[in-house]
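1. Just need the structure, nothing else, for what follows:
(chains A, B, C, D, E and F)
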4 protein chains.
Amino acid sequence: MATSTEDLFLPVNVDRASQVIVDQIKVLIRAGKLQPGDRLPSERELCQRFNVSRVTVREALRVLETNGLLTIRVGSHGGAFLTTPSAERLGVGLADLLSLAPATAHDVTEARFIVELGTLPLAVERATEGDIAALFAMVEEAEAALKAGKYNVELSAAFHTRIAQCTHNPAVEMLMQSFNGPLRMSLEESHTAAPMGEQGIAEHRKLAEAIQARDVEGARKLMTEHLNRTAARVLPNS
Amino acid sequence: MATSTEDLFLPVNVDRASQVIVDQIKVLIRAGKLQPGDRLPSERELCQRFNVSRVTVREALRVLETNGLLTIRVGSHGGAFLTTPSAERLGVGLADLLSLAPATAHDVTEARFIVELGTLPLAVERATEGDIAALFAMVEEAEAALKAGKYNVELSAAFHTRIAQCTHNPAVEMLMQSFNGPLRMSLEESHTAAPMGEQGIAEHRKLAEAIQARDVEGARKLMTEHLNRTAARVLPNS
Amino acid sequence: MATSTEDLFLPVNVDRASQVIVDQIKVLIRAGKLQPGDRLPSERELCQRFNVSRVTVREALRVLETNGLLTIRVGSHGGAFLTTPSAERLGVGLADLLSLAPATAHDVTEARFIVELGTLPLAVERATEGDIAALFAMVEEAEAALKAGKYNVELSAAFHTRIAQCTHNPAVEMLMQSFNGPLRMSLEESHTAAPMGEQGIAEHRKLAEAIQARDVEGARKLMTEHLNRTAARVLPNS
Amino acid sequence: MATSTEDLFLPVNVDRASQVIVDQIKVLIRAGKLQPGDRLPSERELCQRFNVSRVTVREALRVLETNGLLTIRVGSHGGAFLTTPSAERLGVGLADLLSLAPATAHDVTEARFIVELGTLPLAVERATEGDIAALFAMVEEAEAALKAGKYNVELSAAFHTRIAQCTHNPAVEMLMQSFNGPLRMSLEESHTAAPMGEQGIAEHRKLAEAIQARDVEGARKLMTEHLNRTAARVLPNS
DNA sequence: GTGGTCTAGACCACA
DNA sequence: GTGGTCTAGACCACG
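-> Residues are numbered from 1 along each chain as shown, chains lettered A, B, ... in the order given. Modelled structure (predicted):
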């Protein structure tokens, strides 16, 4: 035959079929062909499109769901929807990984210092009037919740996340969420945390004031103390 | 009314069978009942233990694998093995999420600044003789690779990760890996990056020297420039 | 092996959404948060509270209704009301189950012997003047009904239930109702019973007299004969 | 008109459609057209047969399931299967009803006395060699479990149920199960039961011996003491 | 009626 | 004997 047999025989695809599907969908997402909010075809239709069984499609969807790329809703108008991205899943993954890792609570807190203190200057610099108003509103909400005996770690986490939002940088926001999401919760769960107190909220208020005053150094100092204090709660022996 | 019916009825939340299995295994990991390196029973045996079908077990394993908690090997001595944790998977997740997010490359670089600059002081403070020797060794390896035309982004990423390792804090290390893993690669892939140059390696060497000299401020300045330069490569219009 | 994987993996048990709701409401009942006579919120409101569809709520209510825990009334003042408990539903369940079971009419009668004869001593011991008067009143009512040709198995069952009521123990009462409710009816329906006769009512009167005289042994004997005779009617070949 | 209008107008069927289906299936069961182990047609087929919607069929199946007449299994070979009857469901119903009723634990215990003591003579009379061997086997199993720290209320309940089985009367057996099933468990759960002890098992052994010796009076006495002792555990103030 | 979820049992390729 | 895949058919839930 005229042509040599070189390059005729391509390596067979050793990947899992489900992984191929996952990659293909990720490419579509990266290319912007699929946007947040879009709905994927039904499982049964995807079977036909990819020419695989339903089980394989489901495995692929499961992976994408785990990666936080889509959520699956049941019901007649259900299906697989691309998510507006959130770092929550990432926080879960981080928490899981650290559980398995040799990282101590002290290690994690130190990493959090890096992120929180690094974020602060950007937040102080870029916070709008609206941002600052929102921060104060959250403080007041927290005070009300405290009186009602409903103050919890979630409200505290939301405040820290809101500070990150002041940077108007979604990547930074996600980074912060990773630490103030499930990870923080699992940290505090595992220790019998003293109930979040008045003092925590008071410090939040002072932080908001420092950001309003564009006082980077003051904010850094406040945040350092604040974190040290909360860190001390989960790490009695520091 | 004697008792109001408010708050009596909690929203129901029916988990998937596979999710229940995932959670159960995560608990076992957190509790230390399952250690890195351990092998889970075979899929078929897990079916019997959990009293579910094989597909369901497989979905659960797929999720855990995606979360980086275990790796699956085929073959007669294969099975699902708990991983020594690594942040690689996390980086993949982060990259995926940012692909979907409105985050620009500039945003991501800014987040990386926070992490890299925040890590540096700890690295400078705690780097051992061995750490510093390793850093220099990597620089030399890079120089050799460059001559051989084999220098690539992976080697550069490894250097940054090695700096984080100097903090001797696994959580910080993971944080750094998240940015210098698949994420960085996907960032640079999407742009036609000029080949990593001599200058990059030279800056790495100077960074190593600053760490050896315990010169925090010098190191900060060097890293800032280094990152700015690489950032400029992926962001011509900054 | 360091840690065996035995007993680590518990069988998963995923409940239906409707079952979760059922359980939740049962807990509220057991805890006394919901009392007999209370009205549950409307189906539509329950949907929102539980965050499920209406069909699911309806299935849950249907189960609770079947268990005799609530009754559903239609109309503008309708809704789901917790019942004052009655053993009627239980009797239905017992009857259904025995229909399906390999239990013969003889078996059931034997079980009834146990309950009726076991109840008698308590009834004799604790019957008040009022109880005894009520028993005699029922006998006379039965005699009148017989003359009018309206005597039926229900009236007879009521007499036996009333005896159980003399124990002033609601649990015993329910036990008796289980046998003298739908079960007895279904037993007798299936055979062409000779109409309840004079003799049956006469024996009831004697039983009442024995109870009045606090004559346990006499009552036992009477009841034994009475049951044997009725049993013979449904079991010609005993 | 020639004919009077009497009896022309029958009451309209006020029953729920689902209830009609339930009744129809119950009739088939009573008539023996459907036997334990039989599988009903699939939901979709039943829809067509009854000419109703799936929701209606599902409600009917849910009711029948609640009544313990059938169990529903998912999966490829799933469906609705007629159960081999068991009194477990009945016990659940009884427990629920008593939770709602004004019955105290003391009331329930008294009812249990009636059943247990009434059953004993029949068991003594009819127990076969095999029955007796089984009773002793259970005692030994219990002793082994106790040593392993695994003795629980279930094993104790099983012993009492096994005694009822000695009567070779399925109706009596069910009656006993009703009390020694979920009801007993809920009774003991609600009180902090002292762990079932050596003494309980010893008494079980003596009971088995009395049955072996066909000693009705001895058995009665033993059972009375046994029940009194266990009753005292849940009723400290008797 | 349309979706997601689960099951049982089978075949294949691999180490 | 392991994981990887497939088929066919059932229940479960939503609108």
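2. Show me which helix or strand of chain A is least confident by mean pLDDT.
-> Ranking every helix and strand in chain A by mean pLDDT, DSSP states H and E puts helix A:182-190 at the bottom, with a mean of 71.
3. Tell me how far it lies from the chain's centre.
-> In this view, helix A:182-190 has its centroid 14 Å away from the chain centroid, taken as C-alpha atoms, centre = their mean, to the nearest Å.
4. Point out the other helices and strands that it packs with.
-> helix A:88-100, helix A:105-126, helix A:153-165, helix A:216-234 (3 or more C-beta pairs under 8 Å, 6 or more residues apart in numbering or on different chains; DSSP states H and E). Heads up, the C-betas are built off the backbone N, CA and C, glycines and all.
5. hmm, 7 Å instead?
-> When contacts are defined as 3 or more C-beta pairs under 7 Å, 6 or more residues apart in numbering or on different chains; DSSP states H and E, helix A:182-190 packs onto helix A:88-100, helix A:153-165.
6. so which of those helices gets nearest chain C?
-> Minimum separation from chain C across the helices and strands packed on helix A:182-190 (C-beta to the nearest C-beta) falls at helix A:88-100, 15.5 Å.
7. and the angle from that closest one to helix B:88-100?
-> In terms of direction (axes from the mean of the first three to the mean of the last three C-alpha atoms, to 10 degrees), helix A:88-100 departs from helix B:88-100 by 170 degrees.
8. Mind checking if helix A:88-100 is in reach of chain B?
-> Yes. Using C-beta under 7 Å from any C-beta of the partner chain, helix A:88-100 comes into contact with chain B via A:Arg89, A:Leu90, A:Gly93, A:Leu94, A:Asp96, A:Leu97, A:Leu98, A:Ser99, A:Leu100.
9. how near is A:Thr167 to A:Leu120?
-> 9 Å (C-beta to C-beta, to the nearest Å).
10. go on, A:Arg39?
-> Relative to A:Leu120, and taking C-beta to C-beta, A:Arg39 is found at 40 Å.
11. Neighbour count: those two, which is higher?
-> Set side by side, A:Arg39 and A:Leu120 show more neighbours around A:Leu120, with 25 against 14, by other C-beta atoms under 10 Å in any protein chain shown.
12. Let's check: the centremost residue of chain A is which one?
-> Closest residue to the average C-alpha location of chain A: A:Ala87 at 2.0 Å, with C-alpha atoms, centre = their mean.
13. Which phi and psi values does that residue adopt?
-> Backbone torsions for A:Ala87, taken as degrees, to the nearest 10, come to phi -90, psi 10.
14. Can you give the domain ranges for chain A?
-> Under automatic domain parsing, the residue ranges defining each domain of chain A are A:17-82, A:88-234.
15. got a list of what A:Thr71 touches?
-> By C-beta atoms under 7 Å, 6 or more residues apart in numbering or on different chains, the contact set of A:Thr71 is A:Glu65, A:Phe81, A:Thr83.
16. Mind doing that once more with 8 Å?
-> Residues near A:Thr71 by C-beta atoms under 8 Å, 6 or more residues apart in numbering or on different chains: A:Glu65, A:Ala80, A:Phe81, A:Thr83.
17. what's the spacing between the first one and A:Arg73?
-> It stands for A:Glu65. 11 Å.
18. do A:Pro170 as well
-> 24 Å.
19. out of those two, which sits in the more crowded spot?
-> A:Pro170 (21 against 11).
20. List the buried residues of stretch A:212-228.
-> Within stretch A:212-228, the residues that qualify as buried are A:Gln212, A:Val216, A:Gly218, A:Ala219, A:Arg220, A:Leu222, A:Met223, A:His226, A:Leu227, counting by 16 or more other C-beta atoms under 10 Å in any protein chain shown.
21. what do you get for stretch A:158-178?
-> A:159-167, A:169-178.
22. okay, now the residue in chain A that DNA strand E sits nearest to: neighbour count?
-> Closest to DNA strand E within chain A is A:Ser76: 2.8 Å, counting by C-beta to the nearest atom of the strand. Using other C-beta under 10 Å, A:Ser76 has 6 neighbouring residues.
23. Quick check on it: phi, psi?
-> Backbone torsions for A:Ser76, taken as degrees, to the nearest 10, come to phi -60, psi -40.
24. Then the one 5 residues further on?
-> Dihedral angles of A:Phe81 (phi, psi; degrees, to the nearest 10) stand at phi -110, psi 140.
25. Residue numbers of chain A in contact with DNA strand F?
-> A:16-19, A:47, A:52-56, A:59, A:74-78 (C-beta under 7 Å from any atom of the strand).
26. can you rerun that using 10 Å?
-> Within chain A, the residues that sit near DNA strand F (C-beta under 10 Å from any atom of the strand) are A:13-21, A:43-44, A:47-48, A:50-60, A:73-78.
27. filter these down to the ones near chain B?
-> A:Ser18, A:Val55, A:Arg58, A:Glu59 (C-beta under 8 Å from any C-beta of the partner chain).
28. May I ask which of those has the most neighbours?
-> A:Glu59 (24 neighbours).
29. What helices and strands are in contact with the helix or strand harbouring A:Val172?
-> Counting by DSSP states H and E, the element that carries A:Val172 is helix A:170-180. If you count contacts as 3+ C-beta pairs under 8 Å, 6+ apart, helix A:170-180 packs onto helix A:88-100, helix A:105-126, helix A:153-165, helix B:88-100, helix B:105-126.
30. ok, now with 10 Å
-> Secondary-structure packing of helix A:170-180 (3 or more C-beta pairs under 10 Å, 6 or more residues apart in numbering or on different chains; DSSP states H and E): helix A:88-100, helix A:105-126, helix A:153-165, helix A:182-190, helix B:88-100, helix B:105-126, helix B:170-180.
31. anything in contact with each of A:Glu65 and A:Arg73?
-> A:Ala80 (C-beta atoms under 10 Å, 6 or more residues apart in numbering or on different chains).
32. before we move on, what SS does the residue in chain A that chain C sits nearest to have?
-> Nearest residue of chain A to chain C: A:Gly75, at 7.4 Å (C-beta to the nearest C-beta). Three-state assignment for A:Gly75 (DSSP: H, G, I helix; E, B strand; the rest coil): coil.
33. Contact partners for the nearest residue to it once chain neighbours are set aside?
-> Distances taken as C-beta to C-beta, 6 or more residues apart in numbering or on different chains place C:Ser53 nearest to A:Gly75, at 7.4 Å, with adjacent residues excluded. Neighbour list for C:Ser53: A:Val74, A:Gly75, A:Ser76, C:Ala17, C:Cys47, C:Glu59 [criterion: C-beta under 10 Å, 6+ apart].
34. I'd like to know how far the first one sits from B:Arg16.
-> If you measure A:Val74 against B:Arg16 using C-beta to C-beta, the figure is 10 Å.
35. out of those two, which sits in the busier spot?
-> B:Arg16 (16 against 9).
36. Next one: that one, what pLDDT does it get?
-> B:Arg16 carries a pLDDT value of 89.
37. That one reaches A:Leu61, doesn't it?
-> No. In this structure B:Arg16 lies outside contact range of A:Leu61 using C-beta atoms under 10 Å: 11.7 Å.
38. list residues touching both of these two?
-> By C-beta under 10 Å, 6+ apart, the residues touching both B:Arg16 and A:Leu61 are A:Ile72, B:Glu59.
39. Spell out which parts of chain A neighbour DNA strand E.
-> Counting by C-beta under 10 Å from any atom of the strand, chain A sits next to DNA strand E at A:12, A:14, A:39-47, A:53-55, A:57-58, A:61-62, A:65, A:71-81.
40. Show me what counts as buried in the helix or strand that A:Glu209 is a member of.
-> Under the criterion of DSSP H and E, A:Glu209 resides in helix A:198-212. Residues of helix A:198-212 classed as buried: A:Gly200, A:Ile201, A:Glu203, A:His204, A:Arg205, A:Lys206, A:Leu207, A:Ala208, A:Glu209, A:Ala210, A:Ile211, A:Gln212 (neighbour count, 16+ other C-beta under 10 Å).
41. With pLDDT as extra columns, can I get those in a markdown table?
-> Formatted as a markdown table, the buried residues of helix A:198-212 follow (pLDDT from 0 to 100):
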| residue | pLDDT |
| --- | --- |
| A:Gly200 | 89 |
| A:Ile201 | 92 |
| A:Glu203 | 94 |
| A:His204 | 95 |
| A:Arg205 | 96 |
| A:Lys206 | 96 |
| A:Leu207 | 96 |
| A:Ala208 | 96 |
| A:Glu209 | 96 |
| A:Ala210 | 96 |
| A:Ile211 | 96 |
| A:Gln212 | 96 |
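42. Alright, that wraps it up for me.
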